[in-house]
Structures are given as C-alpha cells and as structure tokens.
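Enquirer: I'd like to go over a predicted model; first the sequence, then the structure.
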Amino acid sequence: MGEYLVLIISCIFINNIVLAQYLGNCPFLGTSKKMDTAVGMAGAVIFVLTMAGIITWIVDHYFLKALDIEYLRTIAFILVIASLVQFVEMFMKKMIPALYSGLGIFLPLITTNCAVMGVCLINIKEEYIFLEALIASIAYAAGFGLALILFAGVRERIILGRVPRPLQDTSIGLVTAGMLALAFWGFKGMA
Amino acid sequence: MIEAILFTLGLGGACGAALSVASRIFYVYEDPRIAKVEDLLAGANCGGCGYTGCGAAAEAIVNGQAPPNVCILIGPENVGEIAAIMGAEAGTAEPLKSYNNCQGGDRATDRFFYQGLNRCSAVNAFYGGKRDCEIGCLGFGDCVRACKFDALRMGPNGYPVVDRNKCVGCGACEKVCPKSIMEVRTMSQRLLHLNTEDDALSPCQQTCPAEIDIPRYIGQIRNKEYESAVDTIRERNPLLLACGRVCPHPCEEYCRRAIEDEESVSINQLKRFVADMEMNSGKRIPIPCAPDTGKKVAVIGGGPAGLSCAYFLRRVGHSVNIFEAMPKMGGMLRYGIPEYRLPKAVLDWEIQGILNLGIQYHTNVKMGVDFDLGSLVGAGFDAIFMGVGSWKDYRLNIPGEDLNGCYTGIDFLSRIGNQEKIQAGKRAAVIGGGNTAIDCARTLVRLGVEKVYIVYRRTRKEMPANEVEIEAAAHEGIESIYLAAPNQVLGDDEGNVKGLEYLKMELGEPDASGRRRPVPVEGSETVLDVDMIITAIGQSTDTAFCTKGTRMEELNITRWGTIDVDPDTCRSNVPYIFAAGDGATGPALVVDAIGGGRRAARAIDLFLKGKEVKPEPKALLSKRHIQESLFDSIPGVKKSKRAQMPEIPVKERITSFIEVDQVLAEPDALAEAVRCLNCCRVCYDPDKTQNAA
C-alpha cells in the first residue's frame, strides 16, 4: 500500500509532468488564462490520460511484447491516443457542449499533447504492472491538472498587476512557470 | 514481419470501428454553413474576435451572434462571401471603428480621494467611480490595455485617443470600458445615431436640432484641425456653408459661457469659418460612403430636408433619386433666402458636393403632375421621402388684395431667386413679422425701392424674426410700424396699388401662445402711401398632389395642412412614405429640416433593413434637455470678448445683392474657439480656456 502512496506523490509532485519533466507546455500556457478553462482542461486531460495509460499498457503488454514487435510501439501509441481524443471530443460535443465550446481549439491539441504520449512511454519504461500503470497515469494527469490550476490562479492575479510592456502576457507566463518549476524542485528532497 | 502488418491493420481496424460507432452515437447535427464559413475565416485561431478559435467564431456567425466581419484578419472579399452564405445584406461589410465619446471630464469634480487599484473597473466598482460625472471617462486606461493592436493611447488630457488606421474594430475596448465611453461602431451606425439620455452631450449639442457635436468641432478648430472639424459637422449636417450663414443658432442660447460672460461662444460663426475654409481651399474633403445596399429611395423635394435625407441615405449605402419641382436644387435655401444672405454660388458649390456622392436628381418635375406614387413604386423605389416644404403663402383676405403691385412673400422671393425681373415700386409695405417679411423688405431695398415699411400687428418683442435680422433691417433704413392690422388695399383707377389702410391696435389679454393678443382701436384707420405690398404672414404646405395621385389620397394630412407623421420617426400612415422638414412640421428653421431629414433617413434605413421603425431607446425627443446639464452658475470663468462678425457697410450693401455678413479671420476664429468651455454634461474646463486667453 505504502508503495502506491509513494508512487502517487512521486508522480504528482516530484516528477510533475509539466514542471519537472517539461512536457505538455502548449496547453499549459494556452489554457491557463482563465480558471474555468483550466479546470475543464484538467478534467479532459485526466480522462484522456487515464484511458490512454491503460489502453497503451494493454496494447504493449498483450500485443507488442507478446508478438515481439516492440519497434511498433510509437506508431501504435499515436494511433491509440489520436483515436481516443477523437472519441472524447465527440463525446463532449454531444454530452457537455458548454465545456466543448469553452475548450475550443485546445481539445484537439491533446492529440498532439506530449504529456499523454510521455506518460504512456514512461509507464512502459518503468516496467509498471497494470495497477501501477493505472495509478501512475491518474497521478501524472492529476499533477498536470494541479500545475495548470495553480498557474491559472497565478495568472489571474498577474492580469491585475503592473507588468512592464515587453514582459506582458506569454512572457510573464513563462517566467512565472519557471518560478513554479523551481518551487516544485523543492520536492526532489523528498525522493 | 507478418505479425507487425497484421497487428497494425488490426489496431487500425479496431480504432476505426470504435470511432465509427462513436460517431453514430454521438452525432450532433451541425449547420453545413458553419463549415463553409469556417473555410472563409483566417484559420489562425488567434482569438482576436473574442471567440475560442475560428470554429467557435463560425458557429457564432451562423447563429447570428456575431456579424460576418467579426474576423479581424480577413479582407472585404471573404466578408462579402460570408455575408452571401448568411443571406445578410452586403452593407454589413462596412468596417467597425472605435471612437471615444468623452473629451472633457477631467474637470468634473472628484467625489472622494481615491488611492486604490489604478483600473477603471476597480474605480467603477467603488460607488460608480471617483468623479461626479456619471457618464464620463474615468481615465485609467483599461481600454488602452485591452487593445491588442496598439491603436489606443492615453492622450495628453488623460483621455483615450484612437488611431483610426490601426483600429481593426475588434471591440475589446468597448467590452472592457465600464462607462460606455469607448464605442465600436460602423460609420453608418454613427451617422444615424440620435441623441440619447446616456450620451455625453453638452447643452449646445442637446439644443441643436441637427445634433451636431459642437464641442468636438470647436476643439478641432482650436487645434487647427480644420478638416476634421468639417468632418465632425458633416456627420450631422451636410449643409454647413448654408447653415453657417443663415442658422439662427438656437445652440448659442444654451451656451454655458453666456451664464457668466456677457455673450455666448459664436458657435455658428465658427461653423461658417471652417466651411468657408474648405470651399476657398478649392479642394473638397472626401466624404466616405458605405458599400451599396441595392435599395432605392425616392426623395421628393431638393430642399434642406430632402438634401439632408438623401445625403445620409447615400452615405449609408442606399441609392437615392431626388425629384425637384423647381428648375434648380436647393428649395427654400435657393428660392426663399435672398442672395445677400446666402450667395447662390456658395449654395451651388455645397449642393454639388452632396450630389457628387452619387445622388441622381431630376429638376422641373412636380409630384402629382409629372409623376405620382404609382410611377415611383413602379420604378422600383423601396421607400419615399417627402421633403416638399411649405410654399403656399397665407392670404390676408382683405379687399383689394389682388390689385397690381400686390405680392405674396415666398412667391416674390422665389421669383427673385429665379432671376426674374420684378418691376419694383417707389414705396413699399411688407406685412408680417417673420424672417420672410424681413427678407422681402431687405430685398426691396436692394431693388431700389426708396422707402420700405414693415407692418406688423404686434410689437417688436413678439416678432418671430431673428434679432440680428431685425437690427440689420433697421440699419438699412427700413421702418417698422408696429401694432398695425391691414384693413384694405386702396387702388387707383387702373387697378394699381396706391395705399394700404390699416387699423391701429393695442395689446390685450395673453392668448394661447402666451403673447398678448392685439385688439383693434376703433376709428383708428390710417392710410400708408405705398405702391407695392408684399404679404408675408406665414406659409402652409401645398398638398395638392394628394388628390391627384393614384394612391396618394391614403396619406393623412393634419388639420394644419402638413403631412401627418410620427415626429420621432418621420413615418407617415403609409408604411413606406416618410416626411420631414417644413412640409411635415410647418414653417421652421433650415437646421430643423436638416435634423428631420437625418431622422427620416434613420427610419428609412431601419425600414429598408426590415427592422422595426421606432426611435432609439432613451432618445432625447421633442427638443428635451437633460436637466442635470443645465447650470445656474459656473465658477472660474474669465470674461472675454466675443468675436465680432465683419459686415459690409450699409451704404455699399443696400445698392447690391453682395453678401452682407463676412467670415471671421483665422486669428479671430482661433480666439473664439478658445472661449468654448468644452462642456459635457456636468463638466467644463475653465483652465484650458484661461491659459490661452
């Protein structure tokens, strides 16, 4: 049981997918201007990442490894993730149209989100068993969500502050992201 | 190898099958137009339109939540195609531009000392702002920060200044402004906007029947931006040369300077100054028009109301035909106002500028004689504007009125205006106390009549003519006989006039209009020795066309003989017929007709676009003022002398028809412009005027 707790904390904080591994920066900067969109995006990523993590693990374990065709891993994963995102998009358009229009262009962007691909590959590289892969996927996604929501909170405050002209908008966003990453660096001491 | 191929095929098949099933289950019907519109958008997903990506913008366009030109990156061609897909009128392709409505304001007193966050939104949340002015600019520049295109900056006086070339009309500034100071409007929307309670309106602008933004154009004169000043006036009044000469400037009655100083700002002289400047430069300032809408409007009457209505309709993109009964355009401006007040050359130049916008006109065609309603509808006109004026003189109904040497006012003036030679007598009497009577009298002096009398049945105090005109007439040796009611015209054996018999009057009880009613004194018959008499006691509308036309009987006529219209929309009981000017209101000022023409143009535009024809919500109708804007005193105003209008000496002017009033010289005009307090509703700026004065 303790092992899993360590895994969760490690995935959320110590190896945070955005702030420690620098994956998924595009939606991180793009959807963090407003808290509502950030929360929606976090939810979408948690859903997609969990599904992608499990399915890619199954594909890898029962097909690629069993058939000894691991060189097909990248292409197979891309196919799975892309289909999954399409599926989520269709699902949301029908069921949650408000969130769908709120996320707009960023939903299809998850297709090319390196965080999703990254987590799937990490799961394989670390040789997790199924349960570990499931927990790690959820935890990484939660870490992404945490970073995104924290960042959105900070950016909503930045809008109210006096920012020098050359640093406005994305520039100050990147600087702030860097400082957040430094703060997360502190969790390395726990490892 | 085989496994790899099989696996890839299998995985692809599985994904494809799953997605196919999902597509079937989660299918949402999407308007096919959305995809078409999206193809025409820039595809940059820049968010400049305010929607999340081009897909969302396309959806908003198709749902009618956004105009076809919402995308700031595409050109007019694509906008046109989108409009075509949407079936919208092409007029919407007109670009949006941002404007700042507040230019005064920093002198509106502070309500409290403010130390909080330097944002308009924050200040506004705090009791609606730190200034007493409820509608003015707060000056913290939220709009400047909201502008992504660097088109806004804070001006030297602490108000946002728009760079029209950089503005793309995205609307970000309007959205962020808590006071609706920043407005993003198309030119058409601005041209047809009527004064409302929520606008930043100075007392003079509230008073002007044409609703000209007076402080703005005076401010532009102060900064020597003469072309911009002309543009500002032209947004509300296309006849600035004519108005600059003949307008009795009701606006000056409400000028705040006059509350503390001896005289108001000479607003009309300044208008004439810039108008003359444009004419004398020999170069016409270009007047932009919106893209064609394909709608046709017939304007009947080429006078001030018709010209104004045609001008505004043309500028918002409709095609206009003017039908004029007289040989030349201009209506009362040409045939009612004498040459010495408004030279024909000036009028020609001004009318040509309006016709140059692409307005077709036909002269010598009379409604009810050469064409009627049926032929207009048959010719494909979508709406009709009637600016027929008031050309029928009232008659005295006294014996001897038809003797040789008797004329009526408008008839006489229009014949003079038409360059007809009229055999003038030696001694003449003009009956009436209005501007027409004075115009007739001053014209007679110039025709060489030795002695001219004005016979009026009340006293000078009750005379409806402009004060300056009465004075000018006295300077020219015209004698006024007050409290005199004509009794009969005396003639000689050959049927020529030889005298006017009148009764002396005295003032009795006040009547309905508040003026004391004149009562005749018994046995006071007096004979005035004259050989020419002009009756100028008022005019009515000639509605003879109503009986002759095929369907014109349907048009309602009021009991005063004017066309019956809703005064707020200028619409008659026939839905596609609109009317303004003297023909709808009875004899009034030129500037009233111009304002009416614009109001009618707005209603016609609404009608042609299939919208409900009604006045703007909160419109300031029937010459109402905003009460809080009327002050009793204004502290801090230093007195200064009003610029004196140069005039031609009496001796020179009574022998010819050359223009009497001359234009201000540039230094005088600039000094006069500085006298403007730059008022808005509750603010004014005495410091600026004092520094310069």
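Expert: It's in. Numbers count the residues shown, from 1 in each chain, chains lettered A, B, ... in the order given.
Enquirer: So, low pLDDT: which residues of chain A?
Expert: When residues are selected by pLDDT under 70, those of chain A lie in A:102-106, A:111-112, A:191.
Enquirer: no wait, chain B
Expert: B:47-48, B:50, B:64, B:87-95, B:104-107, B:547-551, B:685-693.
Enquirer: care to break it down by domain?
Expert: B:29-93, B:96-191, B:196-286+B:632-693, B:296-390+B:556-608, B:392-540 (automatic domain parsing).
Enquirer: right, is the shortest one up against chain A?
Expert: Yes. Under the criterion of Cβ under 8 Å from any Cβ of the partner chain, domain B:29-93 makes contact with chain A via B:45, B:51-53, B:55-56, B:59. In this view, the C-beta of every residue, glycine as well, is placed from N, C-alpha and C.
Enquirer: rewinding a little: please work out which of the domains of chain B is packed deepest.
Expert: domain B:296-390+B:556-608 (a mean of 22; mean count of other Cβ atoms under 10 Å in any protein chain shown).
Enquirer: in a helix, that's where residue B:502 is, yeah?
Expert: No. Counting by DSSP: H, G, I helix; E, B strand; the rest coil, one finds residue B:502 to be strand, located in no helix.
Enquirer: Tell me the residues of chain A that contact chain B?
Expert: So chain A meets chain B at A:59, A:63-64, A:67-69, A:71-72, A:75-76, A:79-80, A:82-83, A:86-87, A:90-91, A:93-95, A:97, A:101-106, A:160 (Cβ under 8 Å from any Cβ).
Enquirer: For chain B, which residue gets nearest to chain A?
Expert: In chain B, no residue comes nearer to chain A than residue B:52, which is 2.9 Å away by Cβ to the nearest Cβ.
Enquirer: Give me the distance between that residue and residue B:46.
Expert: According to Cβ to Cβ, to the nearest Å, residue B:52 stands 11 Å off from residue B:46.
Enquirer: Pipe the residues of domain B:29-93 next to chain A into CSV and attach secondary structure per row.
Expert: Shown next, in CSV, are these (three-state DSSP):
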residue, secondary structure
B:45, coil
B:51, coil
B:52, coil
B:53, helix
B:55, helix
B:56, helix
B:59, helix
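Enquirer: Closest one to residue B:581 out of these, please.
Expert: For the residues of domain B:29-93 next to chain A, the closest approach to residue B:581 (Cβ to Cβ) belongs to residue B:51, at 45.3 Å.
Enquirer: got the contact list for the closest one?
Expert: A:104, B:57, B:60, B:66, B:70 (Cβ atoms under 8 Å, 6 or more residues apart in numbering or on different chains).
Enquirer: Among the residues you listed, which ones are in helices?
Expert: Residues of the contacts of residue B:51 located in helices (DSSP state H): B:57, B:60.
Enquirer: Would you format the contacts of residue B:51 as CSV with distance to residue B:20 included?
Expert: Shown next, in CSV, are the contacts of residue B:51 (distance: Cβ to Cβ, whole Å):
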residue, distance to residue B:20
A:104, 25
B:57, 29
B:60, 30
B:66, 34
B:70, 35
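Enquirer: The closest residue to residue B:598 other than its chain neighbours sits in which helix or strand?
Expert: Leaving aside its chain neighbours, residue B:598 sits nearest to residue B:312 (5.1 Å; criterion: Cβ to Cβ, 6 or more residues apart in numbering or on different chains). Following DSSP states H and E, one finds residue B:312 within helix B:304-315.
Enquirer: Now whichever helix or strand comes after that helix - C-alpha only, PDB.
Expert: Moving toward the C-terminus from helix B:304-315, the next helix or strand (DSSP H and E) is strand B:319-323. The C-alpha trace of strand B:319-323 is given here as PDB (Å, rounded to 0.1, in the frame of the first residue of the first chain):
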ATOM      1  CA  SER B 319     -29.200  54.600 -53.900                       C
ATOM      2  CA  VAL B 320     -31.100  57.900 -54.000                       C
ATOM      3  CA  ASN B 321     -33.000  59.900 -56.600                       C
ATOM      4  CA  ILE B 322     -34.100  63.400 -55.900                       C
ATOM      5  CA  PHE B 323     -37.200  64.900 -57.600                       C
END
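Enquirer: For chain A, which segments count as helices?
Expert: According to DSSP H, the helices that chain A contains are A:2-9, A:25-30, A:35-58, A:65-67, A:73-95, A:97-103, A:106-109, A:114-125, A:130-159, A:170-185.
Enquirer: To residue B:268, which of these lies closest?
Expert: helix A:130-159 (49.0 Å).
Enquirer: what angle sits between the closest one and helix A:35-58?
Expert: 160 degrees (axes from the mean of the first three to the mean of the last three Cα atoms, to 10 degrees).
Enquirer: Check which helices and strands helix A:130-159 sits against.
Expert: Helices and strands touching helix A:130-159, by 3 or more Cβ pairs under 8 Å, 6 or more residues apart in numbering or on different chains; DSSP states H and E, are helix A:2-9, helix A:25-30, helix A:35-58, helix A:114-125, helix A:170-185.
Enquirer: Which residues lie in contact with the closest residue to residue B:366 other than its chain neighbours in this structure?
Expert: Taking Cβ to Cβ, 6+ apart, and ignoring the residues beside it in sequence, residue B:366 has residue B:325 as its nearest neighbour in space, at 4.2 Å. Contacts for residue B:325 (Cβ under 8 Å, 6+ apart) come out as B:301, B:364-367.
Enquirer: what's residue B:325 sitting at in phi/psi?
Expert: With angles defined as degrees, to the nearest 10, residue B:325 sits at phi -80, psi -30.
Enquirer: Following the top helix by length along chain B in sequence, what is the next regular element?
Expert: Counting residues, the longest helix in chain B under DSSP H turns out to be helix B:2-25. Using DSSP H and E, the helix or strand that follows helix B:2-25 towards the C-terminus is helix B:32-40.
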